[in-house]
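Chemist: One predicted model, sequence on top.
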Amino acid sequence: MEHDISLITTLAAGFGVALILGFIAERIKLPALVGYLVAGIIIGPATPGFVADIHTASQLAEVGVMLLMFGVGLHFSLDDLLAVKRIALPGAVVQMSLATLLGMGIAWGWGWSLGAGLIFGLSLSCASTVVLLKALEARGILDSMNGRIAVGWLVVEDLATVLILVLLPPLAGVLGGDAGAGDGAPLWQTIGQTLLQVSAFIALMLIVGRRVLPWLLWQVARTGSRELFTLAVIAVAIGIAYGASALFHVSFALGAFFAGMVMRESEFSHRAAEESLPLRDAFSVLFFVSVGMLFVPNVLLEQPLQVLAVVAIIVIGKSLAAMALVLVFRYPLNTALTVAASLAQIGEFSFILAALGISLKLMPAEGMSLILAGALISIALNPLVFAVVKPLGRWVIACSALARRLESRDDPYAELPMSTERKFLEGQIVLIGFGRVGKRIAASLDERGIPYVIVEQNREQVEGLRKQGYAAVSGNAAEPAVLIQAHIAHAAMLVVAAPDTLNIRQMVDTARTLNPAIEIVLRTHSEEESRLLRTENLGTVFFGEEELARGMSRHVLQRFAPAAGHD
């Protein structure tokens, strides 16, 4: 009996070739995902030899996008999104508009129609959250303020893209495409229906999901079965993603994202992230392989100028627009550069938009090849773009008077008010970071009446803290000017409670230069980093797992030591 083994052969070829090329890419100091993309080209229909089942690969890639977006949701709560809404919402909308206009401009130069240019421009305007997440995780800045702004920006882009995907079919006739694609309903009715569907899904997840999902995970965890817990996490991620699409016409990716975001509220969120990580990594490989399978390499030889124009819009045009917008919102130059690097690529939503445009007869097939070429090149270049962010920032500040003025621009929350009480200016504690750890430290200090000044990168959070009567300063504590505004020179102690510890040595050096007698307390996430910090004598170091073990051991010994001594 003959069997259809296209799924098995696609998995074997995809994983096998991706492993080999990913390993080679890492050995020559390139990101592994470049190898995954090339693996897709090799097993795709555009190259000779074995050709994998592209339809099977596409469905497997869709699962990968769902699991990866589920992982994004596990790392990014609704509170995080609301914390950056003032910059993420207007920034994403304006940046997408500018990138779309650039894409429409070059499409018009090629003689394309208005509808084709619109689809093409929109496809170039939305960056890949999947690629961004990997880049931020690799650099350990996912939980930093810059990372939260970048992810929040892209989440807004994803939400906007979902709305665009729903509105395109009824608008196809107006834009010069297939007039029969829509259902004939008026535009206002379509918009209203879309908003109702998305709102209903979000409300269901926030109201019902917040109660049901933690309860479900608790019931499964009580069985003690690791396999069942992993199965529950994956079933929730894929099941909610499918249900969101089938019942509310929300994209799989967005449904999975909200599933992860709601599950983050559970006490099992960290375990859920760990258990789903192997499957997320495996299917993300298939996602990049499937993208490579769609690429036609001949476009690089037949239309090199068009490809260069597309890459220029993605890597340069979008980045410059995003950087300018972040600076307009009076954020530091390093934040502007990080957001710019985050948007210098396109990914999964670009492919979905382009495919829809072709199906609606709005965009020619060559548009997909150009978009795929831009995606491949921009994704391959993105790690290099991130790598030059810091040196570029230092060089620009050193060479440009304008950059120095931007770095030291007037910010109402960058210094303490003139009315600040003296107890916050001398002998106080400077507390860097007001996240989960920082809030608990602050609560303990409040109970004992110990004065402290908060240093936090999130300007909106600093504004809220000021309204509540806290002494708070906005800015990156790695910059000397920020610590000076927190009156570090007269402080008694520096407490670093922020999750982003990449610049911790610079903070310590600045603090000791301004105040040689200051006591320093540091938070770290890894045992190796903890050991290095202690070796360098940078201050009193607290490592999370170690302190947890000490606290539990202390409790156990207090309970049983008396009995042991009595014997």
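Modeler: That came in fine, so what should we check first? These numbers come from a predicted model, not from an experiment.
Chemist: Every contact and neighbour count from this point should use C-alpha atoms.
Modeler: OK.
Chemist: Check what pLDDT Ser526 gets.
Modeler: At Ser526, the model reports a pLDDT of 69.
Chemist: so where is the stretch 51-200 of the chain shaky, pLDDT-wise?
Modeler: Applying pLDDT under 70 to the stretch 51-200 of the chain flags residues 75-80, 143, 177-188, 190-191.
Chemist: which residues in it form helices?
Modeler: 54-75, 78-83, 85-109, 114-125, 129-139, 145-171, 187-204 (DSSP state H, counting those that start in this stretch).
Chemist: can I get the ones you listed in CSV with distance to Gly539 and mean neighbour count?
Modeler: Output for the helices of the stretch 51-200 of the chain, formatted as CSV (distance: least, C-alpha to C-alpha, whole Å; neighbours: other C-alpha atoms under 10 Å):
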stretch, distance to Gly539, mean neighbour count
helix 54-75, 29, 23
helix 78-83, 30, 15
helix 85-109, 35, 20
helix 114-125, 45, 27
helix 129-139, 24, 19
helix 145-171, 24, 22
helix 187-204, 45, 14
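Chemist: can you put the ones you listed in CSV and add distance to Val541?
Modeler: Putting those into CSV (distance: least, C-alpha to C-alpha, whole Å) gives the following:
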stretch, distance to Val541
helix 54-75, 25
helix 78-83, 27
helix 85-109, 34
helix 114-125, 43
helix 129-139, 22
helix 145-171, 22
helix 187-204, 41
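Chemist: Of all these, which one comes closest to Val496?
Modeler: helix 145-171 (14.5 Å; C-alpha to C-alpha).
Chemist: So which elements touch the closest one?
Modeler: helix 78-83, helix 85-109, helix 129-139, helix 187-204, helix 333-342, helix 348-359 (3 or more C-alpha pairs under 8 Å, 6 or more residues apart in numbering; DSSP states H and E).
Chemist: How far away from the center of its chain is the longest one?
Modeler: This points to helix 85-109. Taking C-alpha atoms, centre = their mean, to the nearest Å, the mean C-alpha location of helix 85-109 is offset from the chain mean by 19 Å.
Chemist: what angle sits between it and helix 114-125?
Modeler: Orientation of helix 85-109 against helix 114-125 (axes from the mean of the first three to the mean of the last three C-alpha atoms, to 10 degrees) gives an angle of 130 degrees.
Chemist: Over to the third one?
Modeler: For the pair helix 129-139 and helix 114-125, the angle between their directions (the same axes, to 10 degrees) equals 20 degrees.
Chemist: what residue lies at the spatial centre of this protein?
Modeler: Centroid-nearest residue in the chain: Val151, 3.3 Å away (criterion: C-alpha atoms, centre = their mean).
Chemist: close enough to count as contact, that one and Thr129?
Modeler: Yes. Under the criterion of C-alpha atoms under 8 Å, Val151 makes contact with Thr129 at 7.1 Å.
Chemist: Please parse this structure into its domains.
Modeler: Following automatic domain parsing, the chain resolves into domains at 6-294+304-399, 422-559.
Chemist: May I see those arranged in TSV, with distance to Ala414 as well?
Modeler: Below are the domains of the chain laid out as TSV (distance: least, C-alpha to C-alpha, whole Å):
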stretch	distance to Ala414
domain 6-294+304-399	10
domain 422-559	5
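Chemist: Out of the helices of the stretch 51-200 of the chain, flag the one nearest Pro332.
Modeler: Closest of those to Pro332 is helix 145-171, at 9.8 Å (criterion: C-alpha to C-alpha).
Chemist: For the closest residue to Ala57 other than its chain neighbours, give its distance to Leu101.
Modeler: Closest residue to Ala57 apart from its sequence neighbours, by C-alpha to C-alpha, 6 or more residues apart in numbering: Ser290 at 5.6 Å. Counting by C-alpha to C-alpha, to the nearest Å, the separation of Ser290 from Leu101 is 29 Å.
Chemist: need the helices for the stretch 201-350 of the chain, in chain order.
Modeler: For the stretch 201-350 of the chain, helices defined by DSSP H, counting those that start in this stretch occupy the ranges 210-222, 226-248, 252-263, 269-293, 298-302, 304-312, 318-328, 333-342, 348-359.
Chemist: Nearest to Gly117, out of those?
Modeler: Closest among the helices of the stretch 201-350 of the chain, using C-alpha to C-alpha: helix 348-359, at 10.2 Å.
Chemist: Could you give me the buried positions within the closest one?
Modeler: Neighbour counts over helix 348-359 (16 or more other C-alpha atoms under 10 Å) mark 348-351, 353-359 as buried.
Chemist: Quick one: those residues as CSV, columns for pLDDT and distance to Ala256 too.
Modeler: As requested, these are arranged in CSV below (pLDDT from 0 to 100; distance: C-alpha to C-alpha, whole Å):
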residue, pLDDT, distance to Ala256
Glu348, 74, 14
Phe349, 79, 14
Ser350, 87, 18
Phe351, 80, 18
Leu353, 86, 19
Ala354, 86, 22
Ala355, 80, 21
Leu356, 81, 21
Gly357, 86, 24
Ile358, 85, 26
Ser359, 81, 25
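Chemist: and the angle from the one helix or strand Ala398 maps to to helix 333-342?
Modeler: For Ala398, the element it lies in under DSSP states H and E is helix 389-399. Angle, helix 389-399 to helix 333-342, by the same axes, to 10 degrees: 130 degrees.
Chemist: Can I take it that Val430 is in a helix?
Modeler: No. Counting by DSSP: H, G, I helix; E, B strand; the rest coil, Val430 is not found in a helix; it is strand.
Chemist: ok, now which ones touch it?
Modeler: When contacts are counted by C-alpha atoms under 8 Å, 6 or more residues apart in numbering, Val430 touches 452-455, 486, 488, 491, 493-495.
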